[in-house]
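Chemist: Coordinates for the following, if possible.
(one chain, ligands or ions: 1)
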Amino acid sequence: MISVEHLSKRYGRHAAVDDVSFRCEPGTVTGFLGPNGAGKSTTMRMICGLTPPTAGRATVAGRRYRDLPNPGREVGVLLDASAQHAGRTGREALAVAASTMGLDRREVAAKLDLVGLDAAAAKRRVRAYSLGMRQRLGIALALLGDPRVLILDEPANGLDPEGIFWMRGLLRDFADRGGTVLLSSHLLREVEAVADRLVVIGGGRIVAQGDKSELLAGGGTLVRARDTGALRRALDAAGLAARDSADGLLVPAETEAVGQAAADAGVALAELRPADGRLEQLFLTLTAESTKETGK
Ligand SMILES: Nc1ncnc2c1ncn2[C@@H]1O[C@H](COP(=O)(O)OP(=O)(O)OP(=O)(O)O)[C@@H](O)[C@H]1O
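Modeler: Below is the predicted model:
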């Protein structure tokens, strides 16, 4: 369990994080979502005791991070995969951490295996690792002490599509066995695929939080046919109001009702899907604003 209560961080006059509160429960993956510069890393660093908050408090498993007697056994952290000691081999990096935590050396081999770093990769120095390999090593380090909580900042960065798929499975499995996961991303689709809950941050403030399905619902249905006129008449006949959108017709109804109306009228569809909901719209606006501000 992670609890964040009214956390704020100011740098001079700039509020990097402003009165942020949320909780992450056991058995769930919480996606911490926000555009670049929104305050995700600063919040995570405060949870892990690396940045002192200006106000507020964060606890992991009921205690402040720095009060945990053996933090690596309680919470696995991956904040910056490129911050690992470049001169060590992957195996050495894990062995050093295992000895600090008082773990059996066998854990090193088990975790290398779990994250898919083979014997040859384990013998190479970290400076020769790709970003994807560093992420895998970082995840191995986070999992080393078999913690019940994982805090991962942009763990999908640098992973290839197969790696991203693998990581989603790993995090889902971790949560399904009762673990608590907090992971950040600046990409909605990336966290949407694995998260149960979403916390959305923009300009240092929480702008939305809740169950993923609730936050993503409510957009209606997007439908497209080659014969738009026939589709419009079919929807009319079924009593469904439709309006034009850039991608087709937008209908404030479930996909099933829209598909049925088209089928009843014998209209062939080219596309039928839930339309982007409020969260997508909100997130697009946030991202556009941050791009304007930062020029990124
Ligand atoms: N040490 C610091 N000194 C001054 N300003 C900082 C510092 N660390 C972060 N900031 C500022 O705080 C804001 C939030 O940054 P943060 O890194 O937490 O955002 P983020 O959501 O993690 O984005 P990114 O994905 O780009 O890292 C930004 O405006 C950033 O410039």
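
Chemist: State the next helix or strand along the chain beyond the strand or helix carrying residue 57.
Modeler: Using DSSP states H and E, residue 57 sits within strand 55-60. Scanning forward in sequence from strand 55-60 by DSSP H and E, the next helix or strand is helix 71-74.

Chemist: chain center to that next one: distance?
Modeler: 21 Å (Cα atoms, centre = their mean, to the nearest Å).

Chemist: So for it, what gets flagged as buried?
Modeler: 71-74 (16 or more other Cβ atoms under 10 Å). Yep, even glycine has a C-beta here, placed from its N, CA and C like the rest.

Chemist: contact partners of the strand holding residue 57?
Modeler: Here strand 55-60 makes contact (Cβ atoms under 8 Å, 6 or more residues apart in numbering) with 1-8, 19-21, 46-47, 64-65, 68, 74-75, 149, 151.

Chemist: Around the ligand, which positions in this protein sit nearby?
Modeler: The chain has residues 11, 16, 34, 36-42, 186 near the ligand, with proximity defined as Cβ under 6 Å from any ligand atom.

Chemist: repeat that with 5 Å
Modeler: 11, 16, 34, 36-42 (Cβ under 5 Å from any ligand atom).

Chemist: List buried residues within those.
Modeler: 16, 34, 37-42.

Chemist: Any chance of a markdown table for these, columns pLDDT?
Modeler: Formatted as a markdown table, these follow (pLDDT from 0 to 100):
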| residue | pLDDT |
| --- | --- |
| 16 | 95 |
| 34 | 91 |
| 37 | 89 |
| 38 | 91 |
| 39 | 95 |
| 40 | 95 |
| 41 | 95 |
| 42 | 96 |
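
Chemist: Can you name the two of these that sit furthest apart?
Modeler: The most widely separated members of those, counting by Cβ to Cβ, are 16 and 34 (11.7 Å).

Chemist: Quick check: the residue of the stretch 151-296 of the chain nearest the ligand.
Modeler: residue 186 (5.5 Å; Cβ to the nearest ligand atom).

Chemist: Show me which of the buried residues of helix 71-74 is closest to residue 175.
Modeler: Set against residue 175, the nearest of the buried residues of helix 71-74 by Cβ to Cβ is residue 74 (16.1 Å).

Chemist: residues in contact with that closest one?
Modeler: Counted by Cβ under 8 Å, 6+ apart, residue 74 has contacts 60-61, 68, 145, 147-149.

Chemist: Tell me the predicted confidence for it.
Modeler: For residue 74, the pLDDT comes out at 92.

Chemist: now the one 5 residues further on
Modeler: According to the predicted model, the pLDDT of residue 79 comes to 92.

Chemist: swap in residue 245?
Modeler: For residue 245, the model assigns a pLDDT of 84.

Chemist: Can you tell me how far the closest residue in space to it that isn't next to it in sequence is from residue 18?
Modeler: Nearest non-adjacent residue to residue 245, counting by Cβ to Cβ, 6 or more residues apart in numbering: residue 222, 6.8 Å away. According to Cβ to Cβ, to the nearest Å, residue 222 and residue 18 sit 35 Å apart.

Chemist: Who are the contact partners of residue 137?
Modeler: Neighbour list for residue 137: 81, 84, 90, 93-94, 115, 117, 126, 129 [criterion: Cβ under 8 Å, 6+ apart].

Chemist: Can you tell me the element it falls in?
Modeler: Under the criterion of DSSP H and E, residue 137 resides in helix 131-143.

Chemist: And the strands in the chain?
Modeler: Using DSSP state E, the strands of the chain run over residues 2-11, 14-24, 28-33, 55-60, 75-78, 149-153, 180-185, 197-202, 205-211, 221-225, 243-245, 248-251, 269-274.

Chemist: quick one: the fourth one to strand 14-24, angle?
Modeler: Strand 55-60 and strand 14-24 meet at an angle of 40 degrees, taking axes from the mean of the first three to the mean of the last three Cα atoms, to 10 degrees as the criterion.

Chemist: okay, the angle between strand 55-60 and strand 180-185?
Modeler: Using the same axes, to 10 degrees, the inter-axis angle of strand 55-60 relative to strand 180-185 is 120 degrees.

Chemist: Go through strand 55-60 and flag the buried ones.
Modeler: By neighbour count on 16+ other Cβ under 10 Å, the buried set for strand 55-60 is 56, 58-60.
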